[in-house]
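Student: Everything below, folded, please.
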Amino acid sequence: MSLKYSNTTADFLQWDEAMNLVRKLSRDGNYKMSLFIAIGCFTGFRISDILALRWKQILNVDEFTIIEHKTKKKRTIRVNPQLKKHIKDCYEHIKPVGINAPILISQKGTVFSIQRINGVLKEIKRKYRIQIGNFSCHSLRKTFGRQVYNMNGNNSELALVKLMELFNHSSVSITKRYLGLRQEELLNTYDCLSF
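Tutor: Next comes the predicted model:
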């Protein structure tokens, strides 16, 4: 839980660092968190939507559709082959009670709470020495957005329009602010000055 009046804006991970973390968690046997981070980074889902996922929706599929918890809008995700393989590997190691089970079940047999996952992410940040300010569930959604933006460097405006639609923002300027691009642009103004 955050302190009253404190800034809890989630930061994003660099894509390479996020994918390295997914691999390290898997290597170390933490398949649930490896899966959680991979799905968050590859889909841009909010935590409420990830926690609602069931194995039957994501296992061995090329695409799946959800109704977003917050917006009540339909969203279809295409699962790339690497993510598809990772989901299958995690399923085989996690050995859930069944295909209808939620993908993130605690040792008590309940779906993880958002607070618990944020606590685990803080532990992961410390253990793996992740270079990020505020690492929370929302960091994965921002990591997805930043990667989509960075991969479309030649056509960054189109990437912002796509992200605006995916994130259900009302304008590109909100998407830019959400990704921290607006602040970067403003700070770059100082780099233009010379002595």
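
Student: How is the protein partitioned into domains?
Tutor: According to automatic domain parsing, the chain comprises the domains 15-137, 152-191.

Student: Tell me where the model's unsure across the chain.
Tutor: Applying pLDDT under 70 to the chain flags residues 1-8, 182, 184-187, 189, 192-194.

Student: Which residue lies nearest the spatial centre of it?
Tutor: With distances taken as CA atoms, centre = their mean, residue 140 lies nearest the centre of the chain, 2.3 Å away.

Student: Would you mind listing the buried residues in the helix or strand containing that residue?
Tutor: Using DSSP states H and E, residue 140 maps to helix 137-151. Across helix 137-151, burial judged by 16 or more other CB atoms under 10 Å covers 137-149. C-beta coordinates here come from the backbone N, C-alpha and C atoms, glycine included.

Student: Most tightly packed of the domains of the chain?
Tutor: domain 15-137 (a mean of 16; mean count of other CB atoms under 10 Å).

Student: Now do it: distance to the chain's middle.
Tutor: 8 Å (CA atoms, centre = their mean, to the nearest Å).

Student: Next: stretch 163-182.
Tutor: 16 Å.

Student: Not counting its own residues, what contacts that stretch?
Tutor: Contacts to stretch 163-182, defined as CB atoms under 8 Å, 6 or more residues apart in numbering, come from residues 11-12, 44, 68, 71, 73, 75, 141-142, 145-146, 148-149, 157, 160-161, 183, 185.

Student: Appreciated, that's everything.
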